[in-house]
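Attaching a predicted model along with its sequence, questions to come.
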Amino acid sequence: MKHFDLVVIGSGSGDTVIGDRPAGWTVALVEDQAVGFGGTCLNVGCIPSKMFVHTADLAEDARAANAFGVDLPAPAVRWLAIRKRVFDRIDQRSADGLRDSRAGGPNLTLFEGKGQFTGPNTLLVNDGETISADRFVIAAGSRPIVPDVPGLQDAGFLTNETIMRVEKLPERLVILGAGAIAAEFSHVFSALGVHVTVISRSGSMLTREDEDVSQLFTGIARRKWDLRQRREATRVERTSTGIRVHLRDPDGGDGDDVDDVESVQEFVEGDELLVAVGRRSNADRLNLSAAGVATHPDGRIAVDSRQRTNVPGIFAIGDVSSEHQLKHVANHEARVVAHNFSHPDEPTESDHRFVPHAVFTSPQIASVGLTEQRARAEGVPYVVGKRDYSEIAYGWAMNDPEGFAKVLADPQTGRLLGAHIIGPQASVLIQPLIQAMSLGQDAATVARGQYWIHPAMSELVENALLDLPQRSAKSPVN
Ligand SMILES: Cc1cc2nc3c(=O)[nH]c(=O)nc-3n(C[C@H](O)[C@H](O)[C@H](O)COP(=O)(O)OP(=O)(O)OC[C@H]3O[C@@H](n4cnc5c(N)ncnc54)[C@H](O)[C@@H]3O)c2cc1C
Ligand SMILES: NC(=O)c1ccc[n+]([C@@H]2O[C@H](COP(=O)([O-])OP(=O)(O)OC[C@H]3O[C@@H](n4cnc5c(N)ncnc54)[C@H](O)[C@@H]3O)[C@@H](O)[C@H]2O)c1
């Protein structure tokens with residue numbers, strides 16, 4: 001049996017651990033290429049989706065140009081050219097990674113196949129070879145949840161793993177779910193001219209965002225897409241004209257009422273159906289019971305702040321264990337593990353206090369820290385500052401009528417508790433607020449302790465901070 005200092009399962013964020021491993025360690029990477037070498041973010045997640053989002057933004061801007069006095073023809077969309085631009089780059093990067101890992105190099109061996117534990121120190125690869133190691137890092141990611149809706153499997157559906165590679169742009173797309181993936185792909189496909197229907201179980205889209213953000217975005221979504229609110233899928237069928245999803249009001253009664261509700265015959269139909277109802281940890285693919293690794297009730301591997309599982313020598317990072325299914329969190333956790341391997345006497349811990357995220361839809365959304373509804377529910381005292389894009393000079397330039405930045409601060413200390421932005425470049429604008437929270441700066445220091453370039457869009461952030469009640473503000477500097 002081959003023995004290694006370290007075995008890493010998963011080539012997504014697991015790759016960072018390998019890159020930063022202590023000199024001289026023998027390492028095995030086990031990867032079954034379920035989504036392509038390099039994992040979700042590279043192949044079927046963040047990176048290709050944002051390349052499509054940028055393309056969609058261009059098409060949307062072209063349609064909006066006449067409001068600025070520039071008349072452009074309606075964009076003609078060449079789907080295969082759009083897809084080729086994205087995947088020529090992605091597939092090359094994935095292939096390069098696979099080639100380099102196959103070539104190995106000093107002390108690196110790639111095992112291509114599915115890894116499953118047979119004990120706390122042993123892993124069976126592809127039902128063939130068993131390898132052993134002193135340490136394991138499980139970076140096995142997550143996969144789309146497929147809800148148990150009658151007819152769904154037979155009718156056929158897309159997930160984030162397949163939708164970006166369809167051969168033909170559908171004329172009509174139905175999306176089940178109203179979270180991050182739904183919001184991003186609704187924007188992508190509607191901007192490319194596809195009729196989009198979104199099925200939301202709750203009354204809103206993006207319900208985990210701050211209530212003001214979710215409410216504004218839901219209103220915008222209703223104008224742009226066929227948003228079916230408070231609806232759940234009861235049955236899916238393929239008809240001669242497409243894929244039909246039968247709907248009912250989730251509060252419309254229990255299962256016995258399905259017939260009554262279906263007699264109303266509410267359904268939506270598309271040429272394609274995207275299922276985007278969340279993602280679940282791949283921990284169940286690893287035969288963890290053989291190693292004795294504990295999991296949470298939702299299936300995620302349980303880890304401590306150093307990413308250690310309950311079994312000595314077994315670590316987990318990223319979507320397989322994290323409550324934040326975000327690439328920057330997976331990367332952070334990978335760096336913590338790698339650091340602690342190299343510096344066992346000066347261990348560091350993962351910092352999940354201020355995890356930001358952005359939803360790259362239209363308008364963009366970015367957020368960090370407490371939402372107002374959570375502050376209320378947890379009884380955290382707070383004050384609010386808010387500024388609309390329409391109140392700052394660059395917002396006039398952009399013609400943005402609705403977007404805003406909202407900050408929550410501690411009324412006593414002036415420390416920021418949360419920040420939420422909806423509007424152009426939200427994902428970039430929020431960064432000084434993430435920095436302030438992470439480095440413990442109070443709102444007044446951030447607002448007045450530096451210059452803000454005039455008339456840049458960042459004045460939105462400055463003005464939201466200045467809108468906080470004065471008691472959390474110190475004397476102005478700039
Ligand atoms: C459509 C979409 C868009 C997203 N956009 C963003 C974004 O904009 N920003 C952001 O921060 N996050 C985004 N995310 C989330 C982000 O992609 C994930 O949080 C991140 O990729 C998780 O990385 P990971 O290393 O934990 O897992 P992965 O990258 O999924 O890596 C896991 C790897 O393990 C392999 N594997 C699994 N089980 C086994 C096994 N038993 N044996 C061998 N190999 C195995 C898999 O094949 C895979 O390659 C997005 C996700 C999706 C789906
Ligand atoms: N820009 C980004 O950072 C980004 C983009 C896309 C995805 N992601 C990551 O990927 C994860 C998965 O994205 P997602 O959009 O699939 O999940 P999500 O958790 O964001 O949203 C899931 C949606 O599905 C709904 N839902 C859940 N079960 C349902 C059911 N049985 N029937 C109908 N609706 C149901 C929920 O109410 C919610 O609206 C996200 O949580 C996020 O961490 C990140």
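Structure's in. What do you need? Ligands and ions are numbered 1, 2, ... in the order given.

only C-alpha atoms for contact and neighbour calcs from this point on.
OK.

what residue ranges in the chain are flagged as low confidence?
Within the chain, the stretches falling below the threshold (pLDDT under 70) are 253-264, 471-478.

which helices and strands sit right next to the longest strand seen in it?
Longest strand of the chain, by residue count under DSSP state E: strand 129-138. Counting contacts by 3 or more CA pairs under 8 Å, 6 or more residues apart in numbering; DSSP states H and E, strand 129-138 is packed against strand 2-9, strand 122-125, strand 314-316.

Which of those strands sits closest to ligand 1?
Evaluated over the helices and strands packed on strand 129-138, closeness to ligand 1 peaks at strand 2-9, with 5.4 Å, by CA to the nearest ligand atom.

so what does whichever helix or strand comes after the closest one touch, helix or strand wise?
Going down the chain from strand 2-9, the next helix or strand is helix 14-19, by DSSP states H and E. Packing contacts for helix 14-19, counted by 3+ CA pairs under 8 Å, 6+ apart, involve strand 2-9, helix 327-342.

can you give me the strands for the stretch 51-200 of the chain?
108-112, 115-119, 122-125, 129-138, 142-144, 172-176, 195-200 (DSSP state E, counting those that start in this stretch).

right, and the helices and strands packed on strand 129-138 - which one's nearest ligand 2?
Nearest of the helices and strands packed on strand 129-138 (CA to the nearest ligand atom): strand 314-316, 17.2 Å.

Would you format the strands of the stretch 51-200 of the chain as a markdown table with mean neighbour count included?
Converted to a markdown table, the strands of the stretch 51-200 of the chain look like this (neighbours: other CA atoms under 10 Å):
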| stretch | mean neighbour count |
| --- | --- |
| strand 108-112 | 18 |
| strand 115-119 | 22 |
| strand 122-125 | 22 |
| strand 129-138 | 20 |
| strand 142-144 | 19 |
| strand 172-176 | 24 |
| strand 195-200 | 23 |
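
would you turn these into CSV with distance to ligand 2?
Formatted as CSV, the strands of the stretch 51-200 of the chain follow (distance: least, CA to the nearest ligand atom, whole Å):
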stretch, distance to ligand 2
strand 108-112, 25
strand 115-119, 23
strand 122-125, 28
strand 129-138, 19
strand 142-144, 7
strand 172-176, 6
strand 195-200, 6
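
Out of these, which is closest to ligand 1?
Among these, the nearest to ligand 1 by CA to the nearest ligand atom is strand 115-119 (3.8 Å).

In this structure T348 contacts D304, no?
No - with contact defined as CA atoms under 8 Å, T348 does not reach D304; the gap is 11.7 Å.

With neighbour numbers in mind, choose between these two.
The residue with more neighbours, out of T348 and D304, is T348; 16 against 12, by other CA atoms under 10 Å.

quick one, what contacts the more buried one?
R306, V336, H339, N340 (CA atoms under 8 Å, 6 or more residues apart in numbering).

Repeat the analysis, applying 7 Å as the threshold.
Each residue near T348 by CA atoms under 7 Å, 6 or more residues apart in numbering is listed here: R306, V336, N340.

Distance to P150 for these - can I get that in TSV?
Converted to TSV, these look like this (distance: CA to CA, whole Å):
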residue	distance to P150
R306	42
V336	43
N340	48
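
Flag every residue of the stretch 351-478 of the chain that's near ligand 2.
Selection of the stretch 351-478 of the chain residues close to ligand 2 by CA under 6 Å from any ligand atom yields H357, A358, V359, F360.

Could you double-check that the first one lies in contact with I365?
Spelled out, it's H357. No - applying CA atoms under 7 Å as the test, H357 and I365 come out as separate, 8.4 Å apart.

Neighbour count for these two, which is higher?
I365 (27 against 20).

which residue packs closest to the more buried one, ignoring adjacent ones?
In this structure, I365 finds its nearest non-sequential neighbour in I422, 4.4 Å apart by CA to CA, 6 or more residues apart in numbering.

try D249
R231 (4.7 Å).

Likewise for A338?
V17 (5.1 Å).

now swap in K2 and tell me
I131 (5.2 Å).

what do you get for S427?
Spatial nearest neighbour of S427, chain neighbours left out: A366 (5.1 Å); criterion: CA to CA, 6+ apart.

And the residues of the stretch 351-478 of the chain next to ligand 2, which is closest to ligand 2?
The nearest one, if we look at these relative to ligand 2 and count by CA to the nearest ligand atom, is V359, at 4.1 Å.

My guess is the closest one contacts A180. True?
Yes - at 6.1 Å, V359 counts as touching A180 under the criterion of CA under 7 Å.

follow-up on the earlier one: the residue nearest to I365: neighbouring residues, count only.
28.

gap between it and ligand 1?
For I422, the distance to ligand 1 equals 16 Å [CA to the nearest ligand atom, to the nearest Å].

cool, F360 as well?
With distances taken as CA to the nearest ligand atom, F360 is found 7 Å from ligand 1.

Now do the closest residue to that residue other than its chain neighbours against Q435, distance only.
Spatial nearest neighbour of F360, chain neighbours left out: E184 (5.7 Å); criterion: CA to CA, 6+ apart. According to CA to CA, to the nearest Å, E184 and Q435 sit 26 Å apart.

So if I had to pick from the two, which one is more boxed in?
Neighbours per residue, other CA under 10 Å: of E184 and Q435, the larger number sits with E184, 22 against 13.

Would you enumerate the residues in contact with that one?
V359, F360, T361.

again, only this time at 8 Å
If you count contacts by CA under 8 Å, 6+ apart, E184 has them with S49, V53, V359, F360, T361, S362.

can you list those in a markdown table and add neighbour count?
What follows is the contacts of E184, written out as a markdown table (neighbours: other CA under 10 Å):
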| residue | neighbour count |
| --- | --- |
| S49 | 23 |
| V53 | 22 |
| V359 | 21 |
| F360 | 25 |
| T361 | 24 |
| S362 | 22 |
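
Which of these fall in helices?
If you go by DSSP state H, these have S49, V53 in helices.

how near is T109 to G14?
Between T109 and G14 the distance is 14 Å, computed by CA to CA.
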